[in-house]
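just coords:
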């Protein structure tokens, strides 16, 4: 398969256990290149895979494919609905990179279709509860059980909020131009950080509409673990409510398809944890600030980082939306 | 140099061309989306250009007040924009300073919101700044 190159094609063929019949490059993320691979075994059984490989660039806070492989394997072993990775392939395309295969899962990931598509109307009825139960399974993975999943210094030296704020401060200081609204919000986050927020669990890190697949019957699987880490469960419980991830359905704070309570209730039942709305308020503000900062950084990848993807410019100009939303939440005082 | 048709008309023309003439011809959904992004950026630049002088003057006035800047107001739009960047740095330092009391921070927030409203009018004209978000 010319798309993979001859040596890579041989290794992928061995991994999938059959002749490769089709390879198609998918629109990639910033951190990885994705391919659909179709194969046929000697006995004629057809299979479909996704091949994920480290890309030329990565985003701050993202993990590489080798670590992602371990995280997904751990999550799948804890019963999380996510494709169980198959065959880690070091240096498949380039030195110091890795790739791995995932069984192909069907489903819709496009946000506006998930929140409004008529073919998914039945799925939306129970989706929030399904996701609440699913993210509770993710949060059942504790650092004590898998201490080497992430670098220990990333989760032992600071509280989850302190760790996130330290990372965000670095990125804020790295911007070429000061954004006073972000500075103001950052100070608020520092002064209002939860004092008893010490629990650490496996956090998906990008748990939002667009990063799970939905089929007409409901949730298919969770995807896109490149921002996973050990942190506060509230990171996942609130990122899904960040304004941009509601895809225009502002009155439906859980991903643009549900009110809050079905999600929190299912999470409470499945995890045994209470959902503290004061902490939800704090972490939802942090999520909006984090995305505002991320958007500003994306814009600078074009203006200062030598990348020429037009979408980066557009994303950079959207930082003010999240700044506004975060300030609105501060003024409101609750979710 | 200034000439007709003006910059705003050119940018709006480019935005309309991309959205109405190019996008319908592009069959690949991903490429069509990128054409839409390009049209949006041209439209944004046109909007920014339309009220640029008034917006920069208003932002500069707010920043001068928040940073107690008493130096003479620059004469040209280019110099004013440079001053805005400089005063944003000073305001950032003031926000970070532990000497800035809570009442001052509230006053700063109120002024920052005015700048955000101006930015959103240009960048995201359909963004709802109402307070009834769930």
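Arrived safely. The model shown is predicted, which means the values in this text are computed figures rather than measured ones.

Please count neighbours and contacts with C-alpha atoms only from this point.
Fine.

Which residue, neighbours along the chain excluded, lies closest to residue A:93?
Nearest residue to residue A:93 in three dimensions, chain neighbours excluded: residue A:8, at 6.7 Å (CA to CA, 6 or more residues apart in numbering or on different chains).

isn't that neighbour right up against residue A:92?
Yes - assessed by CA atoms under 8 Å, residue A:8 is found in contact with residue A:92 at 5.7 Å.

So for those two, which residue has more residues nearby?
In this view residue A:8 and residue A:92 are compared by other CA atoms under 10 Å in any protein chain shown, and residue A:92 has more residues nearby, 21 against 17.

Who are the contact partners of residue 91?
The chain I'm using is chain A. Taking CA atoms under 8 Å, 6 or more residues apart in numbering or on different chains, we find residue A:91 in contact with A:97, A:98, A:99.

please go with chain B instead
So residue B:91 contacts A:180, B:63, B:66, B:67 (CA under 8 Å, 6+ apart).

Measure how buried the second one is and give me the count.
Which is residue B:63. Counted with other CA under 10 Å, residues neighbouring residue B:63 total 24.

Report the spatially nearest residue to it, omitting neighbours in sequence.
Residue B:63 sits nearest to residue B:87 (CA to CA, 6+ apart), 6.1 Å away.

and that neighbour, what pLDDT?
The score at residue B:87 is 98. That number is its pLDDT.

isn't it right next to residue B:62, touching?
No - the pair residue B:87 / residue B:62 is not scored as a contact, 9.8 Å apart, by CA under 8 Å.

from the chain's centre, how far out does whichever strand or helix holds residue A:169 sit?
Secondary-structure assignment from DSSP states H and E places residue A:169 in helix A:160-174. Centre-to-centre, helix A:160-174 and its host chain are 18 Å apart (CA atoms, centre = their mean, to the nearest Å).

quick one on the thing from earlier: just give me the closest of the contacts of residue A:91 to chain B.
residue A:99 (24.4 Å; CA to the nearest CA).

tell me the contacts of that closest one?
Contacts of residue A:99 were listed using CA under 8 Å, 6+ apart, and they are A:51, A:52, A:53, A:54, A:65, A:66, A:88, A:89, A:90, A:91, A:92.

before we move on, what about residue A:143?
Going by CA under 8 Å, 6+ apart, the list of residues near residue A:143 reads A:149, A:200, A:201, A:202, A:230.

Counting neighbours, which of the residues you listed comes out on top?
That'd be residue A:202 among the contacts of residue A:143, by other CA under 10 Å, with 27 neighbours.

List the buried residues in stretch A:164-174.
Buried residues in stretch A:164-174, counting neighbours by 16 or more other CA atoms under 10 Å in any protein chain shown, are found at A:164, A:165, A:168, A:171, A:172.

For the last one, which non-adjacent residue is spatially closest?
Computed as CA to CA, 6+ apart, the closest residue to residue A:172 that is not its neighbour in sequence is residue A:293, at 6.9 Å.

try the third one
Leaving out its chain neighbours, the residue that sits closest to residue A:168 by CA to CA, 6+ apart is residue A:290, at 7.1 Å.
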